[in-house]
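# no FASTA, just this:
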Ligand SMILES: O=C1O[C@H](COP(=O)(O)O)[C@@H](O)[C@H](O)[C@H]1O
């Protein structure tokens, strides 16, 4: 593994292959879980959909399946598609099948969206649920705003630079008051989604963005080297206020980065 750093965009952890990345990601999550449980008694984690879930696969294996304190996990979605929970596009279904059904999480600690509601109602409902959990401090609260302070927010990034369901130049990027917002015009199907807003993502104690594959190399280059864009990409707006930001990349995704950032340790 090569480690690099960048002043503005967080730490880079670049891996030779997906297996190494999955192991490092599992280590990172397990360590944050242990620390949060020790400090707060809970681990409030928000996950995304897409390729991230298969890259979390090592958590289902030894030693993590036995050593992680799964009973203390409270699981949320940084974004969700507004489809039935058994629909092929559901981020919940993906996580359930790829991870949650394979580890002893407590079913009542898994906060999936209410899939019987419209996108707008589902976003309001999800925010309401979050507000109750912030009141009891199951989810922490930011010191500088009233936003939830997740112990960890895990994001992927699309080839267009979107994170969660915050797409380039979409008005949802400007949302400052809501914790959870909705969109009905996602450029990537399905069109109806709910998503954490930037203030919530940026209030987390830890944010990790996990990106793999050659098809994202150009965007990774844009994000880190500010190449060619006059408007910030959503991934560039991920800037935790007081938290830590880490990018997990494989060699392919990192292949167009300027050399200095990828130098081996
Ligand atoms: O639509 C979505 O896409 C992003 C990126 O997915 P990936 O498969 O390219 O990693 C994902 O992070 C998000 O949760 C999902 O809804």
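Received it, and whenever you're ready, just let me know what you need. Bear in mind that the values here come from a model prediction, so they are computed numbers and not experimental data. Numbers count the residues shown, from 1 in each chain.

# what sits against the nearest residue to residue 241 once chain neighbours are set aside?
Ranked by Cβ to Cβ, 6 or more residues apart in numbering and with sequence neighbours excluded, the top spatial neighbour of residue 241 is residue 202, at 5.4 Å. Yep, even glycine has a C-beta here, placed from its N, CA and C like the rest. When contacts are counted by Cβ atoms under 8 Å, 6 or more residues apart in numbering, residue 202 is found next to 237, 238, 239, 240, 241, 243.

# residue 161 is in contact with residue 231, correct?
No: Residue 231 is beyond contact range of residue 161, at 10.0 Å (criterion: Cβ atoms under 8 Å).

# so for the two, which residues contact both of them?
Taking Cβ under 8 Å, 6+ apart as the contact rule, residue 231 and residue 161 both touch residue 168.

# which of these two has more neighbours?
The residue with more neighbours, out of residue 231 and residue 161, is residue 161; 22 against 8, by other Cβ atoms under 10 Å.

# which SSE is the more buried one in?
Element membership of residue 161 [criterion: DSSP states H and E] is none; it lies in no helix or strand.

# contacts only, for it.
Contacts for residue 161 were tallied using Cβ under 8 Å, 6+ apart; they are 168, 219, 222, 223, 233, 234, 235, 236.

# where's it relative to residue 17, distance?
Distance, residue 161 to residue 17, by Cβ to Cβ, to the nearest Å: 24 Å.

# pLDDT weak spots in the stretch 151-265 of the chain?
Applying pLDDT under 70 to the stretch 151-265 of the chain flags residues 229, 260-265.

# residue boundaries of the strands in it?
Secondary structure of the stretch 151-265 of the chain, counting by DSSP state E, counting those that start in this stretch: strands at 152-156, 180-183, 193-196, 206-211, 244-250.

# mind checking how far the residue nearest to residue 241 is from residue 103?
28 Å.

# quick check, the residue in the stretch 51-200 of the chain closest to the ligand?
Each residue of the stretch 51-200 of the chain has a distance to the ligand, by Cβ to the nearest ligand atom, and the smallest belongs to residue 156, at 2.8 Å.

# isn't that residue up against residue 53?
No: at 9.1 Å, residue 156 does not count as touching residue 53 under the criterion of Cβ under 8 Å.

# return the residues of the stretch 1-150 of the chain in contact with the ligand.
Counting by Cβ under 6 Å from any ligand atom, the positions of the stretch 1-150 of the chain adjacent to the ligand are 48, 49, 50, 51, 52, 79, 91.

# indicate the residue of the stretch 1-150 of the chain located nearest to the ligand.
Ranking the residues of the stretch 1-150 of the chain by distance to the ligand (Cβ to the nearest ligand atom) places residue 50 first, at 2.4 Å.

# contacting residues around the nearest residue to that residue once chain neighbours are set aside?
Nearest residue to residue 50 in three dimensions, chain neighbours excluded: residue 156, at 4.4 Å (Cβ to Cβ, 6+ apart). The contact partners of residue 156, by Cβ under 8 Å, 6+ apart, come to 48, 49, 50, 51, 52, 163, 209, 210, 211.

# okay, the residues you listed in a markdown table with distance to residue 250 and neighbour count next?
A markdown table is the format used below for these (distance: Cβ to Cβ, whole Å; neighbours: other Cβ atoms under 10 Å):
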| residue | distance to residue 250 | neighbour count |
| --- | --- | --- |
| 48 | 17 | 26 |
| 49 | 19 | 22 |
| 50 | 15 | 16 |
| 51 | 10 | 17 |
| 52 | 13 | 26 |
| 163 | 18 | 27 |
| 209 | 13 | 23 |
| 210 | 9 | 26 |
| 211 | 8 | 27 |
